[in-house]
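S.K.: here is my input; please provide its structure:
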Amino acid sequence: MVFLKWLCSLMLVFFLTALMLKAGGLFINILLLICTFVFMLDTLVIRKKHI
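M.R.: Next up is the predicted model:
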C-alpha cells in the first residue's frame, strides 16, 4: 500500500501541473478519482489494524 500512496501522490502532482497548464483532461481526472479511492481504502485499513 505504501507504493500505491506514492503513486497516487505522483498522480496528484501531475494533475495539479496539468490543471495549471489547462491541459487536464478526462484521463487525469479519472486517475485522480482512482487514487482518492485507494487512499481512502488504505486509510481505513490502517485504522482497523491499529485498533
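S.K.: which other residues reach whichever helix in the chain runs longest?
M.R.: The single longest helix within the chain, with elements called by DSSP state H, is helix 26-50. If you take Cβ atoms under 8 Å, 6 or more residues apart in numbering as the criterion, helix 26-50 is touched by 1, 4-5, 7-8, 11-12, 14-15, 18. (C-beta placed from N, C-alpha, C; glycine too.)
S.K.: pLDDT below threshold where in this protein?
M.R.: 1, 22-25, 48-51 (pLDDT under 70).
S.K.: re earlier: considering the contacts of helix 26-50, which possesses the most neighbours?
M.R.: residue 8 (19 neighbours; other Cβ atoms under 10 Å).
S.K.: element containing it?
M.R.: Taking DSSP states H and E as the definition, residue 8 sits inside helix 2-20.
S.K.: from residue 10, how far out is the residue positioned nearest the centre of the chain?
M.R.: In the chain, the centroid-proximal residue (Cα atoms, centre = their mean) is residue 35; its distance is 2.8 Å. Here the criterion is Cβ to Cβ, to the nearest Å. By it, residue 35 lies 9 Å from residue 10.
S.K.: same check on residue 47?
M.R.: Taking Cβ to Cβ, one finds residue 47 at 24 Å from residue 10.
S.K.: can you check residue 30 too?
M.R.: Residue 30 sits 15 Å away from residue 10, taking Cβ to Cβ as the criterion.
S.K.: and residue 41, by the same measure?
M.R.: Computed as Cβ to Cβ, the residue 41 to residue 10 distance reads 18 Å.
S.K.: kindly report the same for residue 45.
M.R.: 21 Å.
S.K.: now residue 27
M.R.: Relative to residue 10, and taking Cβ to Cβ, residue 27 is found at 15 Å.
S.K.: go on, residue 3?
M.R.: 11 Å.
S.K.: which of the two has more neighbours?
M.R.: residue 10 (11 against 7).
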